[in-house]
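Engineer: coordinates only, sequence not included:
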């Protein structure tokens, strides 16, 4: 409670501070506009614009409209960008988004600016209630908005014939063609049409490339204080990992009055990866799924019953017997787990970073930076770690926006999307204005101003004061621009990453001689086309789907028992029981289906 | 006049009553009987895209899948065990609570107790379960602290990690939550008992407990039987939330109920036919239970429900 209160107070203080800073910076920027240094700004824009040839076409029109006195209207941000030719003929498109959320405020300055230059208003409708029901109602009455982003559920709309085909449209628009032209074959559905412009990920193209990850998203996490005290050792194996944890625990039986917990294992409902997945990572795989896939031969095998799994749970069992793992960790709920991490007394766990992010944010808010976590490349001795992914640039073909048959003017909408994908507009939506929202760093990279960073961390302000929503749900550039190595957005900027770190974290990274934590790992792996197994669709009610559920069931049941075995003899007998139960599953049904899908996807 | 004609004549005389009952019958038909046509799914390999007419019939395959699976029978056992324990204990607690409450002479005290006792009914199971798991925690949990202070145990017990405790945990969570609420109906029944009976008993020299035993209890006996029969019909439906929320891998063998099984193997993987088959299985068993109890109640000379 107390922490929450403190955080509230802190947030309020931050908000006040930010509001003041924002107000003062707005006054300053207004003054800057008045003094007429628009020339300098547009000079910068045009140098960037030349970098991508596709945009030269759109560049012709600004000269025309500029000569007609458009200059006077279009000052400030986007000064060098030509308005769309029908900008003074307002049009509104309705846009359904499958996420729960809120539409940006009507007075959002960025979106207002975009509307001013294009005449286009997107009226966002976010999900309330159940997505399947919502889409079902839409389909039943053919009552579609103009644009829909439905994520995976888009297949339903495609089956119902809700979308217009785009394969002949996309090539007409230079920016959209640059973005999707090279991956059209992956976007094409079984019926030969493209219905979707994918919005998440960097796809194979000539303008951008995939940004390297700054942090590892999944794996064995350890508290930074543990590494600090151990003298920043390089840790690669489970034995080394638990050794430093044990040493720290011995010296610090409690942290800030809370008994120290060496290692937590969350196994609450669908959040079961800490219990089920680590063995595949020890074998060198990424976050693959319920089966191990050899990356050379694509042969599959069940890591759940491998020697690695046997030894891993044995190790956990030893740690339990030593008191490093408390048994309660296996019965706790997600909320209990999070509140435990928030105390700062948990030294390690296996998790995915978004899952415990809320706890880590509270630790940061409390200034306990040494109690935050870093992920380590732990594998079997001698095995190269495969934790880090680099996108293979292949779209999923469902995770995008589609234009529906009800849209009256799809041509203008496509033109609008294309217009948004100009470099200047993209920069404006993601970064805002130079000097106000972001600055060049000494190294020539880009970083947000502290005020803008505070806005970015505040969901409501980010929605109402920046172009985030518009950017997020429309076709967009992601990754690093190949022409000048500039990041598309703040999340992809190493300079922004560094700037957002605390002094403690900078010092921590320095001690390891790295720029960001992902450098502790081997280079990111570009995954083959089929990857990953967990995203594969199993036919409803098929034997493969049943087997997959059984695999989860049996492992969820048996692994905790193994961890809590009383001694070695009991461990071995429980392991034998587990093997018997696991092998009783119709494993072949699952494995052959996975094999089939891998072969199918690799042949594409 | 034949018998049929007599009946017709009688019905004509009650025309208004029949007209009034028609909306209720339509309602019952639409919402209770018409959906039964969906049972056809259980004998098909139903795919929503193909509908009832396009999905292939598979006979009793879905039922065979259920009956062959050890997990399913384990779920049936767990469901029955938890529901029956739940039923028995919540009955006993509710009745005893109502009897005791009835003995409180101070009206204010009685009202406060009653209100306080049924408040937990309005909490959602999510909240109750997190209270329970807090109380049972090994680190600073109420129960472990109390038992250790009393010297009954030496180190904390992992209540939610041991299979033998789980059914008791679910039973007492729902006793805690529902006792007050369940007792309301008994309190109402008790207040309907003729006061003259108490006075007569008093004249015969009955004490407090004797009055409870010989007057109050027989007075609410028919209420008890009716409620018992009605509740038995729900036995197989009444165990989803608590086992689902408090269950974990260690407890799976004792915490997985039919509903959880159906959720995992039916709904989650899109096998609606299997879910329907399990639903039919439950309905048949429940019907059997209700008729069985009804027959027993009849034999015992109680007012039965049907």
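Structural biologist: Received, thanks. What you are looking at is a predicted structure, and each value in this text was computed from that prediction instead of being measured.

Engineer: which bits of the stretch 201-306 of chain B sit near chain A?
Structural biologist: By CB under 8 Å from any CB of the partner chain, the part of the stretch 201-306 of chain B that sits against chain A consists of B:245, B:248-253, B:264-265, B:268-274. Where C-beta positions appear, they are placed from N, C-alpha and C, glycine not excepted.

Engineer: surely residue B:166 meets residue B:254?
Structural biologist: Yes. Between residue B:166 and residue B:254 there is a contact under CB atoms under 8 Å: 4.9 Å.

Engineer: those two: which has the busier surroundings?
Structural biologist: residue B:166 (24 against 21; other CB atoms under 10 Å in any protein chain shown).

Engineer: surely that one forms part of a strand?
Structural biologist: No. Applying DSSP: H, G, I helix; E, B strand; the rest coil, one finds residue B:166 to be helix, outside a strand.

Engineer: relative to residue A:266, how far out is it?
Structural biologist: Distance, residue B:166 to residue A:266, by CB to CB, to the nearest Å: 20 Å.

Engineer: then residue A:341?
Structural biologist: For residue A:341 relative to residue A:266 (CB to CB), the value is 10 Å.

Engineer: quick check: neighbours shared by those two?
Structural biologist: Common contacts of residue A:341 and residue A:266 (CB atoms under 8 Å, 6 or more residues apart in numbering or on different chains): residue A:349.

Engineer: show the end-to-end separation of stretch A:226-238, please.
Structural biologist: 15 Å (CA to CA, to the nearest Å).

Engineer: can you list contacts of it?
Structural biologist: With CB under 8 Å, 6+ apart as the criterion, stretch A:226-238 contacts A:222, A:240-241, A:244-245, A:247-248, A:251, A:282, A:312, A:315, A:347-348, A:370, A:374, A:376-381, A:385, A:508, A:511-512.

Engineer: among those, the buried ones, what's the PyMOL command?
Structural biologist: Only the buried entries of the contacts of stretch A:226-238 go into this PyMOL selection, using 16 or more other CB atoms under 10 Å in any protein chain shown:
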select buried, chain A and resi 222+240+241+244+245+248+282+312+315+347+348+370+374+376+377+378+379+380+385+508
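
Engineer: in helices only, show me the contacts of stretch A:226-238.
Structural biologist: Using DSSP state H, the members of those that fall in helices are A:240-241, A:244-245, A:247-248, A:251, A:282, A:312, A:315, A:508, A:511-512.

Engineer: which residues touch residue A:225?
Structural biologist: A:248, A:370-371.

Engineer: got the buried residues for stretch A:141-160?
Structural biologist: Buried-residue list, stretch A:141-160, by 16+ other CB under 10 Å: A:144-151, A:153-158, A:160.

Engineer: let me redo that: stretch A:253-270
Structural biologist: Residues of stretch A:253-270 classed as buried by neighbour count (16+ other CB under 10 Å): A:255, A:260-268.

Engineer: chain center to the lengthiest strand in chain A, what's the gap?
Structural biologist: Criterion DSSP state E: the longest strand present in chain A is strand A:91-100. Chain-centre distance of strand A:91-100: 22 Å, with CA atoms, centre = their mean, to the nearest Å.
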